[in-house]
Structure formats: C-alpha cells, structure tokens
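Asker: how would this look folded up:
(one chain, ligands or ions: 2)
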Amino acid sequence: MDTDYKIKGLFHQHPKIHWGVIMDIAVNDLVVKYGDFTAVNRISFGVEKGQILAVIGPNGSGKTSTIECIEGLRKIDPPADYRLLLNQFHLEGKKRKYVSSLSGGERQKLSIILALIPNSAILFLDELTTGLDPETRHNLWSYIKDINSQGITIFMISHFMDEVEYLADKVILLKNGGILETGTVDELKQKSGVSQKSHSMLLEATRQCLTI
Ligand SMILES: Nc1ncnc2c1ncn2[C@@H]1O[C@H](COP(=O)(O)OP(=O)(O)OP(=O)(O)O)[C@@H](O)[C@H]1O
Ligand SMILES: [Mg+2]
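Answerer: Ligands and ions are numbered 1, 2, ... in the order given. As a prediction, the model looks like this:
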C-alpha cells in the first residue's frame, strides 16, 4: 500500500461482547484511500468468535484492502510451534527444502502454516486456494474446517463460490468498496431468489445481486 494509504474506523481486538455475542472483529465505518481514490468506502461489519467469514466480490471491489487493514491490527501472541504445524500439514519431510522446490499445493499449505504461526485467534486467508487442483483445494477445505473447529475464527476472501458455500457461516459481498449484501449463504440465495435448479446457486445469487 502506498504512502497515501489511510484507514479510518474503529476496530476491536478482543473478544468483545456485543448484544450478547462474542465478537472477534468489529469494523466500524472503515475507509481505505490510495491518494484520492477511495477503495473501501465506510463499511461496517462484525465477525463472531469461531465464525468463518467469507468476503466475496468482483476484482478491485476492496476485499484485499479490507483484510490487510484488519490483519495489520492483530495483536502479537507468542508464536505457535512450527514443527507441530509441519506435522499437521504433512510437510515435515520438506523442512529443509527451498520454497521454490515445493509444488503449488505444498506452497499453499505453507501459506496456511505461516498464517498460523502468529498463533492468533483469527486466521486471515486471501484467495488461498487460487491455482490449486481440485483435490488439494478440497484437502485445504478440511484443514480450514479443522482449524476452525479448534475455535479459530476464519476471515477469508475467495472467488470460488463452491468454497464459500462449503465453508462460510457468513458472507459479505463487496462492490466498488461498499457492502452490497451480507448474510449466510442461504440468506443470500433467498434474497436473490435463485432457483434450486441452478448449478451453483451461490454463484447465481451473487450474479443477481451484482446486476441489481
Ligand atoms: N497500492 C495501491 N495503490 C493504489 N490503488 C490501489 C492499491 N491497492 C489497491 N488499489 C486499488 O483499490 C481497489 C481495491 O483493490 P483490492 O486489492 O482491495 O481489490 P480486491 O477486491 O482484493 O480485488 P481482487 O479480486 O482483484 O484481488 C482497486 O481499484 C485497486 O486498483
Ligand atoms: Mg484481492
């Protein structure tokens, strides 16, 4: 991000109780500007503790700008033991290898390990499965579910609607730096009125929302 980068908004690195719900992240009127250009325009949302939140939306809609702001505000915890993580991801045999010698899938697993090392209660994943074969992608889904079942909140960005449908408890649809829709996958489908016959209902629902 360039030097003109500005963030406004209130964040809480908590947990914080809001209306009886434990929130891991509360974003209030977030604005991200690059010079005169407003990439994210006054968005507000919360992520509950233990939730998997997926941010979706077209290229340039402000997803990465949003996640990077929130990531930057993480508090530093004692790091996790990388050897345990290598075991968990079946990468112990690659400990002494150069990253350049790893396959695409192994590199993505390494990205998760690196994201987990700060031992944060929240895992941030920006398009983690882009470029992976279907099997590796599905394996990563189970890793993410596993990590989440250990109580870690997941904040993810994805362009794959099947992935969002499988993983996300809550979805935020961004367009031009603003929130167009928010809700569960089912709520998004209902709001857009897509038919049950549609091959990927969430993809269709997203298309409908974006064209309104
Ligand atoms: N460092 C920067 N300087 C200037 N403009 C930027 C910078 N980074 C991002 N932008 C602009 O901000 C807008 C939002 O970018 P961002 O990377 O947040 O989008 P995104 O939703 O993550 O897109 P994608 O799906 O392509 O990854 C885009 O119009 C982009 O060109
Ligand atoms: Mg991005």
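Asker: what does the protein put close to ligand 2?
Answerer: Residues of the chain lying close to ligand 2 (Cβ under 5 Å from the ion) are 63-64. C-beta here means a position set from N, CA and C on the backbone, and glycine is covered the same way.
Asker: quickly find the element holding the residue sitting nearest the centre point of the chain.
Answerer: With distances taken as Cα atoms, centre = their mean, M156 lies nearest the centre of the chain, 1.0 Å away. According to DSSP states H and E, M156 maps onto strand 153-157.
Asker: hey, which helix or strand in the chain has the poorest pLDDT?
Answerer: Confidence across the helices and strands of the chain bottoms out at strand 6-10, with a mean of 52, counting by mean pLDDT, DSSP states H and E.
Asker: OK, contacts around K97?
Answerer: By Cβ atoms under 8 Å, 6 or more residues apart in numbering, K97 lies in contact with nothing.
Asker: what about it, which helix or strand?
Answerer: Using DSSP H and E, K97 falls within no helix or strand.
Asker: what is the strand holding M156 packed up against?
Answerer: Using 3 or more Cβ pairs under 8 Å, 6 or more residues apart in numbering; DSSP states H and E as the contact definition, the elements that strand 153-157 packs against are strand 21-34, strand 37-48, strand 52-56, helix 63-71, strand 122-126, helix 134-149.
Asker: now these as CSV including distance to ligand 1?
Answerer: Converted to CSV, the helices and strands packed on strand 153-157 look like this (distance: least, Cβ to the nearest ligand atom, whole Å):
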stretch, distance to ligand 1
strand 21-34, 3
strand 37-48, 3
strand 52-56, 8
helix 63-71, 3
strand 122-126, 7
helix 134-149, 17
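Asker: quick check, the strand holding M156 touching ligand 1?
Answerer: No. Figure legend: strand 153-157 not in contact with ligand 1 (Cβ under 6 Å from any ligand atom); closest approach 6.6 Å.
Asker: what pairs with that strand, parallel or antiparallel?
Answerer: Sheet pairing for strand 153-157, assigned by DSSP bridges, gives strand 52-56 (parallel), strand 122-126 (parallel).
Asker: still on that earlier bit, tell me what the residue nearest to the centre of the chain is bridged to.
Answerer: For M156, the beta-bridge partners under DSSP bridges are A54, L125.
Asker: quick one on the thing from earlier: same list (the strands paired with strand 153-157) but as JSON lines, adding mean neighbour count and mean pLDDT.
Answerer: As requested, the strands paired with strand 153-157 are arranged in JSON lines below (neighbours: other Cβ atoms under 10 Å; pLDDT from 0 to 100):
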{"stretch": "strand 52-56", "mean neighbour count": "25", "mean pLDDT": "97"}
{"stretch": "strand 122-126", "mean neighbour count": "19", "mean pLDDT": "90"}
